[in-house]
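Undergrad: Predicted coordinates and the sequence they were generated for:
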There are 2 protein chains.
Amino acid sequence: MDISISKVEKSRISEFDKSNIKFGKLYADHMLVADYEDGQWQTPSIIPFGNITMSPAISSIHYGQSIFEGIKAYKNHKGEVSIFRPSENFKRFNISAKRMAMPEIPSSIFIDGMKKLIDLDSAWVPDIEGASLYIRPFMFATDEFIGIRPAGKFRFMIINSPAGAYYNQPAKIFVQSNYVRAFKGGTGFAKAAGNYAAAMLPLMELKEKGYDQNLWMDGVHHKYIHEIGTMNVLFVIGNKVVTPDLSEGTILAGITRDSVLTLLREKGVTVEERPVTIDEVKEAYLNGELKEAFGAGTAAVIAPIEELFYDGLSMTLPPLDQWEISNWVAKRLADIRYGNIEDTHHWMEGIK
Amino acid sequence: MDISISKVEKSRISEFDKSNIKFGKLYADHMLVADYEDGQWQTPSIIPFGNITMSPAISSIHYGQSIFEGIKAYKNHKGEVSIFRPSENFKRFNISAKRMAMPEIPSSIFIDGMKKLIDLDSAWVPDIEGASLYIRPFMFATDEFIGIRPAGKFRFMIINSPAGAYYNQPAKIFVQSNYVRAFKGGTGFAKAAGNYAAAMLPLMELKEKGYDQNLWMDGVHHKYIHEIGTMNVLFVIGNKVVTPDLSEGTILAGITRDSVLTLLREKGVTVEERPVTIDEVKEAYLNGELKEAFGAGTAAVIAPIEELFYDGLSMTLPPLDQWEISNWVAKRLADIRYGNIEDTHHWMEGIK
């Protein structure tokens, strides 16, 4: 598919201070826009990043038909830009689209468009280890109609914002059993806007209590662990890595999660994907078997948990420097991303 | 609170064909806009209806912090315009706002602004029995930030579209137990965008099977009835009216529902608000006790159900002209709205 390109008259790159990257405040010079109308995707265009104009009646604002992805592009020590596993995000985007009754997008727009866009804005990919260009593809319904029905018009866009080295302050996690994030038959496995909206109030409430994130439980028994909301969760119990399986459709199929499990299996670590209850984690903690607990997601990559608060019990994890497994996998992932070791899985996709 | 008013140069009222009202296609001349910034609501303004400009990074598009209401204004036979129970929608809007971590809006904007807006556009309220001006208040997050956090900037708007006499074609309803709309601990009681987005695919799938709407079940037992998605549901079993209660927070507290129950109780009909299983409805059907089944909501007001399809069984209801209860309550509501009988409950709020 052709992509029309209209470049900025003057780049804003001089505003970009690599030594003080403020994620989500500054966007790269260009963005990609593609509209879906009359049953097909129209020619995408790359245009200067800027405001969009829309009717106040567009259905995504009223009825939330909106999905997104988060991907990172890295610059290695040779100055080459590559993107971490975008084809996996592409697949997941279309899984989300299907669940939310939105059209699938072809790879000629999602992948090729993304590469063209990042190539054009490659100066915005920081060359600092730990930093990246965060890529945000998203799609939303644009029907100018407030009747409740699946929309027929959609817009797909990609916007990009530099992200600094994420300082992995160990997180205090609150085991949430009043609010429920996802349930079987719902949209938990989709990266749908409404999942995140529903989590804002629970997030505000626990921040007031001094915690960083919720650990979501299932809504039937309130004991099966789902995820952290922006991350999957993994536990090192004894010498095994244990993480909830994805079979119920209530947990986002994280690409960082998949990458971590792949690397650990390769290393010979025993990995169990299966239902995990909070009581099993609690028991492991009380027995001294809970060695590590961490989130895995695009933003933080590996986010160590220092405290898990459950039903009156504060479970505190051992000091971080003793965390063999997560420290190893975090370094391994970084080495792949910045080209320090061979990318045997072909996870890094070049943009040329 | 002051409201600044900027009128259209030329009204579009000549485009409005009262004999052929197309809901959601044409909007009244003006709209109300109020922004929330720095912890407070700024002065609202009434301006010509038209497109809005926003950053592609606004958080509502990405994370779905968006709520709405649906209200109707009527013109009685004296030509006076009044609004049906807007104070109830105002209360519910703020309940939705709280659940979605959004600021409450004062009645000086929601109610006073709405009345001023409808007064200005009173020519858009059709004077045909059955027709109305549909009022759509909504609020969405406007932070230009793609990090996941509760937003700090919001926009409240009201847009209005004439709605024709709703032809109550009896509906074929599919009892849905694969997909789940709402869950205890979730957002089912809020008029939140994401609830509707999640229902689009199930709606598409059942339309392909020849049904009009889903009847949603609870997600734990798949047998407790919730609602129809855009309407509450009521059953006439024997000489009683039975409808699911609202205690779990999984069902929208419909204002039409409340109005119907109030009128029925006044008439001396036995009304039961309690958990209702689909098996109880099925048993009543098999015993010949299921006399009527209908939805109650702002759009259709009273929507008779002609068929309920559950687990291989097609339950067909008696002919509509035998439906004493719903026909009575539908007429009673219309009589109140168009000023044919005294509005003893003070449900109709004037706009002056």
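TA: Nice, I can see it. Computed from a predicted structure; not experimentally measured.

Undergrad: Up against chain B, what does the stretch 1-150 of chain A have?
TA: A:23-25, A:27, A:31, A:49, A:51-57, A:60-66, A:68, A:98-101, A:134, A:136, A:138, A:140, A:145-150 (Cβ under 8 Å from any Cβ of the partner chain). (C-beta placed from N, C-alpha, C; glycine too.)

Undergrad: and these, which of them are in helices?
TA: A:60, A:61, A:62, A:63, A:98, A:99 (DSSP state H).

Undergrad: Dump those residues into TSV; add neighbour count and pLDDT as well.
TA: Listed next are those as TSV, based on neighbours: other Cβ atoms under 10 Å in any protein chain shown; pLDDT from 0 to 100:
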residue	neighbour count	pLDDT
A:60	28	95
A:61	30	96
A:62	27	96
A:63	30	96
A:98	14	98
A:99	22	98
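
Undergrad: Turn those into JSON lines, including distance to residue A:39.
TA: Rendered in JSON lines, the data for those read as follows (distance: Cβ to Cβ, whole Å):
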{"residue": "A:60", "distance to residue A:39": "19"}
{"residue": "A:61", "distance to residue A:39": "23"}
{"residue": "A:62", "distance to residue A:39": "22"}
{"residue": "A:63", "distance to residue A:39": "20"}
{"residue": "A:98", "distance to residue A:39": "16"}
{"residue": "A:99", "distance to residue A:39": "20"}
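
Undergrad: Please identify which of those is nearest to residue B:203.
TA: Checking these against residue B:203 by Cβ to Cβ gives residue A:63 as the nearest, at 10.9 Å.

Undergrad: quick one: contacts for that closest one?
TA: A:141, A:148, A:151, B:193, B:196, B:197, B:200 (Cβ atoms under 8 Å, 6 or more residues apart in numbering or on different chains).

Undergrad: Please produce a ChimeraX select command covering the buried subset of the residues you listed.
TA: Remark: buried members of the contacts of residue A:63, expressed as a ChimeraX selection using 16 or more other Cβ atoms under 10 Å in any protein chain shown:
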select /A:141,148,151 /B:193,196,197,200
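
Undergrad: Please flag which of the contacts of residue A:63 sit within strands.
TA: The strands, defined by DSSP state E, take in residue A:141 from the contacts of residue A:63.

Undergrad: Now distance to residue B:336 too, for the contacts of residue A:63, in a markdown table please.
TA: Shown next, in a markdown table, are the contacts of residue A:63 (distance: Cβ to Cβ, whole Å):
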| residue | distance to residue B:336 |
| --- | --- |
| A:141 | 36 |
| A:148 | 25 |
| A:151 | 35 |
| B:193 | 31 |
| B:196 | 28 |
| B:197 | 34 |
| B:200 | 34 |
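
Undergrad: Would you indicate which residues of the host helix or strand of residue A:93 are buried?
TA: Residue A:93 is part of helix A:86-99, with elements assigned from DSSP states H and E. For helix A:86-99, a neighbour-count test (16+ other Cβ under 10 Å) marks A:86, A:88, A:89, A:90, A:92, A:93, A:94, A:96, A:97, A:99 as buried.

Undergrad: My read is that the fourth one contacts residue A:112, right?
TA: No. At 10.5 Å, residue A:90 and residue A:112 do not qualify as touching, with contact defined as Cβ atoms under 8 Å.

Undergrad: what do the two both touch?
TA: Contacts common to residue A:90 and residue A:112, judged by Cβ under 8 Å, 6+ apart, are absent.

Undergrad: Return the distance of the closest residue to residue A:74 other than its chain neighbours relative to residue A:232.
TA: Excluding the flanking residues, the one nearest residue A:74 by Cβ to Cβ, 6 or more residues apart in numbering or on different chains is residue A:337, at 4.7 Å. According to Cβ to Cβ, to the nearest Å, residue A:337 and residue A:232 sit 18 Å apart.

Undergrad: Quick one: residues contacting residue A:264.
TA: Per Cβ under 8 Å, 6+ apart, neighbours of residue A:264: A:241, A:271, A:325, A:329.

Undergrad: How about residue A:118?
TA: Contacts of residue A:118 by Cβ under 8 Å, 6+ apart are A:73, A:81, A:83, A:125, A:133, A:135, A:160, A:351.

Undergrad: now the strands for the stretch 151-300 of chain A?
TA: Remark: strands assigned in the stretch 151-300 of chain A by DSSP state E, counting those that start in this stretch are A:154-163, A:171-176, A:213-216, A:232-237, A:240-243, A:270-273, A:290-297.

Undergrad: Pipe those strands into JSON lines and attach distance to residue B:276 and mean pLDDT per row.
TA: What follows is those, written out as JSON lines (distance: least, Cβ to Cβ, whole Å; pLDDT from 0 to 100):
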{"stretch": "strand A:154-163", "distance to residue B:276": "38", "mean pLDDT": "97"}
{"stretch": "strand A:171-176", "distance to residue B:276": "29", "mean pLDDT": "96"}
{"stretch": "strand A:213-216", "distance to residue B:276": "29", "mean pLDDT": "96"}
{"stretch": "strand A:232-237", "distance to residue B:276": "37", "mean pLDDT": "98"}
{"stretch": "strand A:240-243", "distance to residue B:276": "39", "mean pLDDT": "98"}
{"stretch": "strand A:270-273", "distance to residue B:276": "39", "mean pLDDT": "98"}
{"stretch": "strand A:290-297", "distance to residue B:276": "41", "mean pLDDT": "97"}
